[in-house]
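> Pasting the sequence and the predicted coordinates here, then a few questions.
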Amino acid sequence: MLKGWFILQHNSMLMLRFIPYLICLLVLKEARTQELKPLRPIPTRAQEQWQDMEFYIFVHFGPNTFTDREWGHGDEPEDSFNPSQLDCRQWCRIAKAAGARGIIITAKHHDGFCLWPSKYSKHTVKQSKWQMGKGDVLRDLSRACKEYGLKFGVYISPWDRNHPYYGTPAYNGVYVNTMKEIFARYGPIWELWWDGANGEGPNGKKQVYDFKLFEKTIRKISPNTIVFSDIGPDIRWVGNEKGIAGETNWNLLDTAGFTRGAGAPPTDTLNKGNMYGRNWIPAESDVSIRPGWFYHPEEDNKVKSPEQLFDLYLKSVGRGSNLLLNVPPDRRGLIHGNDSAALMGFRKIREENFKYDLLKNESIQIVDRQNQRITFRLNDNNAKSFDSIPFNGSSSVYIKLKSKRKINCIQLQEPIAMGQRVSAFSVLLLNERDEPIQEIRGTTIGRKRILTFTTAEPSAISITIDRSKGLPLLSEVAGYLITKGLAGQKNL
C-alpha cells in the first residue's frame, strides 16, 4: 500500500514537471493554428472563381460602330444600327479558340441604345430596321455563350443620353427595371459592368445615381454575379485603359468616403490597391485590341500584335489581375480577320511559352534554421494546396536543379483563399557553388505573379520572402524559358 502511494506521488511529480512543457506545446499548436487561419479580408467563392478566369473578351458594339464615334450623343437614328451579317456564334468560336473564358457586351452604352428590345426604352433594336425590328443581340449572344461554354456578362451604362427620364428621380427606377429585365431574360449573368460616366441627358441635366438601390437589386436577383466599378463591390477598375496592373497590386481596397466616377479613389490607388484595405476588391485590367473601343475601318491595320498582347498578359494576369480585352465587331457584325489572327497568335504564344514547367519534376525544399523539409505541394499543379514558409529572415524555398538549364521566367502563386500576405520577395539564381548569379526582386504575389528576366543558366534557385503581413504561404512555384524577345523587359 505504501509502495503504491510512493509510485502515485512520483508520477504526480513527473506530471507537474511536464505540465509547463505540455502547456507550451499547446500554446505553440494554438499559435500555429491561428497563423494558418485566413488573413482577412478574403475573397468570396464567386470572387475566387472570377480570378480563375484570367482572360476574357469585351465587346463594344452599337450605333457607334456605324457612326464612327466612341461616345454617341443619343440622337442617332435607330436605323443607323444595321449589321448585315451579325453572327454571335462567330464571336464565341473566336473567343473560345483564343483561350478566352467569357464575353462581356455593351448591352447599353452612353447613347442609351439597347441591344435588346427593352420595354423601358424607345431607343432599341426593336425600333431599328435590323431584322425588321425582330433582332435581339443579347438573346443571340447569351445562347452562343452557353453553346461554347463561355461565361456571359453585360455592360449597362447608367448614363443615358437618350432617355427622357434621365436627370430625374424616376430614372433610377427605369435603370433598375432595365437590369431586372436583362437578368430575367438572358441570365445567368456572370459579370455586370458599371461605368462611372455621368453626363447630361436630353434635358440638359445630370442624374444622381442611386447605386445603393442598384447594388441591392443585383444582390437580390443574382447574388453570385460579380459587379465591377471603380469601387466594386466585387472587382475594381485598374486605374487605366492600357491593360496594365500595378507592379505592386493588392487585391484589397478601402472604399469609405469614395464614390463611383468622379469621386473614385486616385488612379494610382486603383492600380496598386491598399496593403491594409478592408475590402477584397481585386483589379480588372481593361484594354482594347485596337486604338479605339468601337470598330473604325481606319484601324484595321492598327490591331495589336500577338507579341503586344502577350506583353499585356504578363503585365495584367502576371501581376495578379484579370485581363479584359476588347475586340469590337465590325459593321457586318463579325470580328474582323485581323483581330482574329492576332488572338490566335496570342494563344499560340501563351501555349508555347508556358507549356513546359522547368521546375515540375524538381525537388523543392523549404529551408530555415530549425529544419529542412521537402515539399511536393509547390509544384503539384494545384493552386489550392499550399505550404507555409518560415519567416525569420533566413528562410527560403530552395530548388536544386538536377542539371543546369536556361530559364528567364519564374511564376509564383499565393493561396488567395487564405488572404494576400506577401509584400516583398526575392529570387536568387545560383551557380553550382550556390553563389548568386542574378537577383530578381518583387513586391506582391497574389493569385499569380509572373516575373521575366535576362536568360540565365542556374544550378539552383532560392526564393526568399522578405516581408509579409502574416505567415507567408505559397501554393505554386514554376519556371519557364520564354522565347527571346518576349521577355526582354522585367515585369516586376
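Perfect, thanks for sending it. Residues are numbered from 1 along each chain as shown.

> ok, now how distant is the spatially closest residue to residue 230 that is not a sequence neighbour from residue 197?
Of all residues not flanking residue 230 in the chain, residue 264 sits nearest, at 3.5 Å (C-beta to C-beta, 6 or more residues apart in numbering). For every residue, glycine as well, the C-beta is placed using N, CA and C. Going from residue 264 to residue 197 by C-beta to C-beta, to the nearest Å gives 12 Å.

> pretty sure the residue nearest to residue 230 contacts residue 271?
No - using C-beta atoms under 8 Å as the test, residue 264 is too far from residue 271 to be in contact (12.0 Å).

> Any regions of the stretch 351-492 of the chain where pLDDT drops low?
The stretch 351-492 of the chain contains residues with pLDDT under 70 at 392-394, 487-492.

> quick one: the strands in it?
Along the stretch 351-492 of the chain, counting by DSSP state E, counting those that start in this stretch, strands occupy 364-367, 372-375, 387-388, 396-400, 407-413, 422-430, 436-442, 449-456, 460-468, 473-474, 476-480.

> related to what we said a few turns ago, out of residue 264 and residue 271, which sits in the more crowded spot?
It is residue 271, of residue 264 and residue 271, that has more neighbours when counted by other C-beta atoms under 10 Å, with 23 against 19.

> The more buried one falls within a helix, correct?
Yes - counting by DSSP: H, G, I helix; E, B strand; the rest coil, residue 271 is found in a helix.

> Could you check the pLDDT of it?
If you check residue 271, the pLDDT there is 98.

> count of residues packed around residue 158?
So residue 158, with other C-beta under 10 Å, has 25 neighbours.

> Just give the nearest non-adjacent residue to it, would you?
Nearest to residue 158 is residue 209, by C-beta to C-beta, 6+ apart, at 5.2 Å.

> And the nearest residue to residue 267 once chain neighbours are set aside, how far from residue 71?
Nearest residue to residue 267, sequence neighbours excluded (C-beta to C-beta, 6+ apart): residue 239, at 3.8 Å. For residue 239, the distance to residue 71 equals 20 Å [C-beta to C-beta].

> More neighbours: which of the two?
residue 239 (22 against 15).

> Looks like that one contacts residue 273 (just checking).
No - using C-beta under 8 Å, residue 239 is not in contact with residue 273; the gap is 9.8 Å.

> can you list residues touching both of these two?
Counting by C-beta atoms under 8 Å, 6 or more residues apart in numbering, the residues touching both residue 239 and residue 273 are 246, 283.

> list the contacts for the residue nearest to residue 198 when sequence neighbours are not counted?
Excluding the flanking residues, the one nearest residue 198 by C-beta to C-beta, 6+ apart is residue 261, at 5.2 Å. The contact partners of residue 261, by C-beta under 8 Å, 6+ apart, come to 196, 197, 198, 230.

> And those, which is the shakiest by pLDDT?
Where pLDDT dips furthest among the contacts of residue 261: residue 196, at 87.

> Quick check: the gap between it and residue 184.
Applying C-beta to C-beta to residue 196 and residue 184 gives a distance of 26 Å.

> Please report phi then psi for residue 350.
phi -60, psi -50 (degrees, to the nearest 10).

> In contact with it: list those residues for me.
By C-beta under 8 Å, 6+ apart, the contact set of residue 350 is 99, 310, 313.

> 10 Å - rerun?
Counting by C-beta atoms under 10 Å, 6 or more residues apart in numbering, residue 350 makes contact with 55, 98, 99, 306, 309, 310, 313, 317.

> Please identify the nearest residue in space to the third one, excluding sequence neighbours.
This means residue 99. residue 347 (4.6 Å).

> Report the inter-axis angle for the helix or strand encompassing that neighbour versus strand 449-456.
In the assignment (DSSP states H and E), residue 347 maps to helix 337-353. Helix 337-353 runs at 70 degrees relative to strand 449-456, counting by axes from the mean of the first three to the mean of the last three C-alpha atoms, to 10 degrees.
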